[in-house]
Each structure stands twice: as C-alpha cells, then as structure tokens.
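*Asks:* got a sequence here, can you build the structure:
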Amino acid sequence: MGLDDDAREYHRTDPPGKIEISTTKPTNTQRDLSLAYSPGVAAPCRDIADDEEYAYEYTAKGNLVGVVSNGSAVLGLGDIGAQASKPVMEGKGVLFKRFADIDVFDIELDQATAEEIITSVSAMEPTFGGVNLEDIKAPECFEIEERLREEMDIPVFHDDQHGTAIISGAALVNAADIADKELDELDIVFSGAGASAIATARFYVSLGARKENITMCDSSGIITQERADAGDVNEFKREFARDVPAGGLDEAMKDADVFVGLSIGGLVDEEMVQSMAADPIIFAMANPDPEIPYEDAKAARDDTVIMATGRSDYPNQVNNVLGFPFIFRGALDARATEINEEMKVAAARALADLAREDVPDAVVKAYGDQPLQFGSEYIIPKPLDPRVLFEVSPAVAEAAMESGAARKELDLEAYTEGLEARLGKSREMMRVVLNKAKSDPKRVALAEGTDEKMIRAAFQLQEQGIAEPVLIGSRKSIERTRDRLGLDFEPEVVDPRDDDYEGYADRLYELRRRKGVTRSEAEELIRRDTNYLGSVMVEQGDADALLTGLTHHYPSALRPPLQVIGTAEDANYAAGVYLLTFKNRVIFAADTTVNLAPDEEVLTEVTKHTAALAKSFNVEPRAALLSYSNFGSVDNEGTLKPRRAAEALQNDPEVDFEVDGEMQADTAVVEDILEGTYDFSDLEDPANVLIFPNLEAGNIGYKLLQRLGGAEAIGPMLVGMDKPVHVLQRGDEVKDIVNLAGVAVVDAQNE
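*Replies:* Numbers count the residues shown, from 1 in each chain. Prediction:
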C-alpha cells in the first residue's frame, strides 16, 4: 500500500480517529461517581460561581487548549471546509499531548466570516485555558486573532502566523552568528506575502532586524511604495512596502544576506543564489518542495550557504512543533492572559540557545546517527529533542511574568523540575538524586576517559555542578575530542602514560602480591588498564567514586574494583540494582547483574543494600523476596532460600522497612492479591523493592518489565562496595553516565 492508503487505514482502525477522552480520577465505586457528578460536584460549582479562578483549581481548564479552524486554508490542501479539516485538528491535538502533555478539544467551525468565528470562539472562553487558531485563510486570520486577543482573557495564538516566525527566528539568530553578521545589518528578502510571511517579517524586527532592510515579494514582484499608493496591495502587505524600484524576486535577491521563502517551490535558481551577499542565509520553507532544492543551493556557491527548509530529510528543518506545544505549556502554567511578543521572543531565544548545547544520544539515534553539532548544518534543535520542553516553556513563563501577562508567579527552578517529571517518572526520580549531588559535588573518576561519551558526560557533570569529573586516559586524545565536539571546558585528566603514578603501582602490588601479581605486572596494569588505575585512585581517596564499563564486558569491568576496593566492612557481597520507573510507581530490582545463585545470606544482604539505595531516592522501601511459591505453597530448596531470607530480615532489629516473602511476583505488586488472598502479609502496600531468587530470574525480569511493561530503566547501580563504584552497560548513553555519576556522588556523600 502507498502512503495515502496507509494513512486511511491508520485513521480508520478501531476506534476511528487519533484522540479520546479518559478520566483522571477513580470511578470504580458509587462514592467515586457521587464525587465526580451529583451530588458532590455541587461544591466546586458553588466555589467557582463565587470566584471564577477556582475553575483552574477544580477543572481541567488550565491544561485544555481549543484547536479551532474553519478549514479555509489547510496546508497543502487549501479551502477544504470545516469537516474535512478535522483529521488535521485531531493531529494537532496529538502533537500538543505528545510534546507538552496538553489536552485538546478540536473545534471545527462551519463558518466563513471573521465576525462569525470571533463570536463563536469568544463564547467558548469558559471552556479553555487557551485557543490555538489553525488553518484559517488570510486576511481574515489577522482580524480574527487580533480581535480575539482583545476580547478574551486567555492566550490566543495563530500558529500559521507565528509558528514559522518563531522557529525560523531562532534559526536566524544562530545563522547570523555563524555568518558573523549582525541582525540589524541583515538585508532580508521574502518570497511570499501571506499571513506567515508577514508575521515572520514582523517577528524578525522584534528580534533585532530593521524593517527598512526587509524587502517583500508577492506574485507580482517587489511590494513597492508605488504599488501601495496605487492600492495594489492589502493593508497587511502595505506594512512592508519599500520606496525602491519595481522588480521581480531575482532583482530583490541581489546582494541580499537572507532569503526567506514562504511561497511555492521552484521560484529560485542557482544564479539567484549566486547573486546574494557572502555566506548567504537561505530559508526555503515552501512545502513539500522548497523554493530551491537543498542540493542546488549548496552547489551554487563556494562559500558557506546556511540553509533551512521545511523538510525533515534535510538539515535545519523549520518545524512548528518546536514552538506551539511549549509556548502554550509556559503560557498555561503561568496562567497568562495572552501570548505577547516578549513571550514569543523568549521562545525563539531559548531555541537558539538550545541548539548550541551538546545533543543527547537518543536524539542523535532518532535521526539516523547523523552528526548533530552547532554549525551551519545544525542551527535549530530537532523536534524530538526532549529538552525543548524544559528550556522553552520556562523561558515563556518567565517572559509572561516579567511582561505582566502572567496571573500566577512560578518558582522557575521548581517549575523546570516539574516539567522534567512530565517526560517520565525516571526524570523525576533522578532529579531528587541530582539535586542532592549538586549540594556537595564529589570527584568521580571516569575510567574510559578517552571515549567521546565519557568526555561529553564530563562536560555536563562539570557544567551542571553535579560532580567534579576526572577523565582517565590520553590527555592529547581527550583534548582533541573535546575540541572536535566544541565543548568549552578544561577537564581534569589523569594520563597513565605521561604522568608519574609509581605510588599507585606500589599500592596495587601491595594489595595483589599474594594473588599472583608481581611489581612489574602491577605497574603494567596501572599504565595500561584504566580500570585498575581508577580503582586505586578511589581506594587511596584521590577520587570519591569510579564509573567504568562503557566499553568493557560487565564482568571484566567489575573485576578490578572488586579486587582493589572490595566490599564494605558490613558487607560480604556486591549486587546490581535497576531502578524501573512506570507512570505512577517505581520498582528497585535486584540482583540483576552480579550474583549467579545467591543463598539466603546473600539474599538477606542484597535486600538491605537495595532498601538503603531506595531511601537515597527518597523512596520508603517495601521489599518482597520473589519466588514461584507463595508463603510455603511449594516447599523445596529453591523456595526455602527467599523464605529464610525474609524471616532473617523480619527478625533483625536493625531492619526498619517492610519486608516479606517468599511470594510470587504478582502477589508482590498487585494490591488486590496482597490485601485479599494474603492479607496476613507484612507488606501493607505493594512492594517497590523486588529481590529476585537468582541472576537469571533478575536479568530476565527487569528486561521484561522494561521492554513489555514500558518501564524506563536507570542502572545498573552497584551496591555493597566499600567505596562508590558503578559499572555501566556497554553502549549506555551520555544521560546514563550522568545519572550514574549523580548516584555515585550521593553514595560518596553518604560515606
């Protein structure tokens, strides 16, 4: 099937469409229903009648946007009418929810005049926290937005006008910087004079461009003052009329610094690009075919052509999804009365700044592992970059507060952390740990210091104040990689080849000489195996924690720290723990990486270590020792181990957390089973610490929970060591390194 048939099947699959309404409160009992509706609903109704602001406290209004269209100017389809536009408006709702967790009602109005639409939309103000106008033709769209902004006390935003303006504005800021040109000196030419072009030209002026340097062309050529005086253009085009000679687009583009295409494909050729000023900026944003193909524009000149299009298969896609979800998120959360120019500029500046930051591995992978580094081929973030939410939305909220549009004051630091939590429970959990780490950063040795990911992680750790990273490896190699990545920092480097670490060799020899290691072998291990060097550094107190394993198999990475650092005084065994986060719960799973066939003594110790780890995440542990048996239903050597471990823990006066077992996995995590069939259990609520009976079960269990249960995994975190050591999984991403480094710092603080 072709794309059209695939799309039809996608939309008609039961249930038809792309959105649904779901409840956010329990509706299981008669009491639940009496609270949700009659008679309980009367109480919040009375409060709102007394003070309408209570609507934001008692209803979904504060997170609800109306996407409104009459279908008169649907992208690529034209005037198809209100009913035919509904799939597009539903799609817009999907994007709001996916990227900013905003709920949407799509409103398709079978109305043609501006007055009719204004009357209908303004009457719906009690329903929505904001209104997104969509696919309404010019010039009516200008009047509709302007009037609604005046009449309504909630944010009104016409994305067709302002979305492209804001995203391309961010691109313009960075492109001008790369081309070493000032915004107020740019000679800018527009191809197209519709709603989007006029709004974009206005916005560029807000960013710092000069109106007198903007030349706008429509299908009849340059919009001149002569044409304006003759009544040849409407009032909106007249705003950008220039007192220059008449001419076509080719004349306008001569010596221009910037070309902005918001028209139709194929209008620009290579000769026109060649006529532009040095290092031209070309935003050819007509869809699906740009005004000039990407390859042709690049080939037209020998100097740097900084180009953006509206297409995802070329660098620098100007995609409105980088704007509207996050702008509305900030506006709604600040309870803004409008989305003003200051808020739009703040969004563009935040996007421009984000493009200069190191790009997460997950984003790079999502775009085919193509290099993403600030420069002419990367001047705006990618739409799938999760950081856009907690960079753009706080900037918009802050601008709303500073400009007087906000009705609610936000603590921006706490607000940003709350936004991160919207992206998943794991971010919320890690934020607890990372905030603890920042309160007292420790020295963390990164054993594989020449690896690009380790260097990028070191940059983030240092920049964010999470840790004091120490990269172990060739200083020259590390500095070359740092410079290639454009990371502006001076990392601390321990180079085993150039520096004198005889003392570390002596210590390793002292520790391992009765294990078959000679003095010369100890020196060779220090010089050639960064795991041994890092382990001795931590053992000697020259670093507070060690991270390794990124390029090694887990057992080979774990062996040196076990030999050199060993387990804690009160511990005989180390264990690997994964934190698994679901939408509304977290699970600590152990042992998933170390102990092959633990007996009851090992299980007892692992449970204590894992419970202590849970507490470091501010989670009160409830531990279940798992089996295929429930409280003696099967009696054999395998089920006796977790049963005896549970009994030992329950009888230990130092154990201050709930624990029980042996029990099946569903018994441990399903409240109805635990409180119904096994109401005698010592667990008052479902377990959040799961202790598996052996390594095979633990490894299989956590991976099934992650892949089929939709859990996000943090780890493995190594517990039971004498000093903080964590062994990464091969191929972990930079965020995994940063997270585990944060855990290691908190471990070191607790030491």
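*Asks:* sec struct for residue 307, please.
*Replies:* When classified by DSSP: H, G, I helix; E, B strand; the rest coil, residue 307 comes out as strand.
*Asks:* swap that for residue 570, sorry
*Replies:* coil.
*Asks:* that one and residue 721, how far apart?
*Replies:* 12 Å (CB to CB, to the nearest Å). Backbone N, C-alpha and C define where each C-beta goes, glycine included.
*Asks:* again, but for residue 105
*Replies:* Distance from residue 105 to residue 721, by CB to CB: 54 Å.
*Asks:* which residues of the protein score low on pLDDT?
*Replies:* Along the chain, the model assigns pLDDT under 70 to residues 1, 369.
*Asks:* in the stretch 651-751 of the chain, mark out all the strands, start to finish.
*Replies:* 658-663, 689-691, 712-719, 725-727 (DSSP state E, counting those that start in this stretch).
*Asks:* need the contact list for residue 80.
*Replies:* By CB atoms under 8 Å, 6 or more residues apart in numbering, the contact list for residue 80 reads 71, 74.
*Asks:* buried sites along stretch 94-109?
*Replies:* 95, 96, 99, 100, 102, 103, 104, 105, 106, 107, 108, 109 (16 or more other CB atoms under 10 Å).
*Asks:* and the next helix or strand past the host helix or strand of residue 521?
*Replies:* According to DSSP states H and E, residue 521 maps onto helix 519-528. Downstream of helix 519-528, the first helix or strand assigned by DSSP H and E is helix 530-539.
*Asks:* now find how far off-centre that following helix is within its chain.
*Replies:* Between the centre of helix 530-539 and the centre of its chain there are 34 Å (CA atoms, centre = their mean, to the nearest Å).
*Asks:* what about the residue of the chain positioned farthest from its centre, distance to residue 191?
*Replies:* Distance from the C-alpha centroid of the chain peaks at residue 230, with 51.6 Å (CA atoms, centre = their mean). Here the criterion is CB to CB. By it, residue 230 lies 22 Å from residue 191.
*Asks:* again, but for residue 599
*Replies:* For residue 599, the distance to residue 191 - CB to CB - is 76 Å.
*Asks:* those two: which has the busier surroundings?
*Replies:* Ranked by neighbour count (other CB atoms under 10 Å), residue 599 and residue 191 place residue 191 first, with 27 against 13.
*Asks:* just confirm residue 560 is within a helix.
*Replies:* Yes: under three-state DSSP, residue 560 sits within a helix.
*Asks:* check contacts around it.
*Replies:* Shown in contact with residue 560 (CB under 8 Å, 6+ apart): 529, 531, 532, 534, 535, 548.
*Asks:* if we use 6 Å, what do you get?
*Replies:* 531, 532, 535 (CB atoms under 6 Å, 6 or more residues apart in numbering).
*Asks:* same check on residue 185?
*Replies:* Going by CB under 6 Å, 6+ apart, the list of residues near residue 185 is empty.
*Asks:* how about residue 264?
*Replies:* residue 286.
*Asks:* now stretch 442-462, how far from the centre of its chain.
*Replies:* Worked out by CA atoms, centre = their mean, stretch 442-462 lies 21 Å from the chain centre.
*Asks:* hmm, I was thinking of stretch 609-621
*Replies:* Counting by CA atoms, centre = their mean, stretch 609-621 comes out at 26 Å from the chain centroid.
*Asks:* again, but for stretch 201-221
*Replies:* With CA atoms, centre = their mean, you get 33 Å for stretch 201-221.
*Asks:* try stretch 476-491
*Replies:* 25 Å.
*Asks:* try stretch 502-510
*Replies:* 44 Å.
*Asks:* what residues sit buried inside that stretch?
*Replies:* 504, 505, 507, 508, 509.
*Asks:* check what contacts it and list those residues.
*Replies:* Contact partners of stretch 502-510, identified using CB under 6 Å, 6+ apart, comprise 519, 522, 523, 526, 536.
*Asks:* one more time with 10 Å
*Replies:* 494, 496, 501, 517-527, 529, 532-537, 539-540, 542, 560, 563-564 (CB atoms under 10 Å, 6 or more residues apart in numbering).
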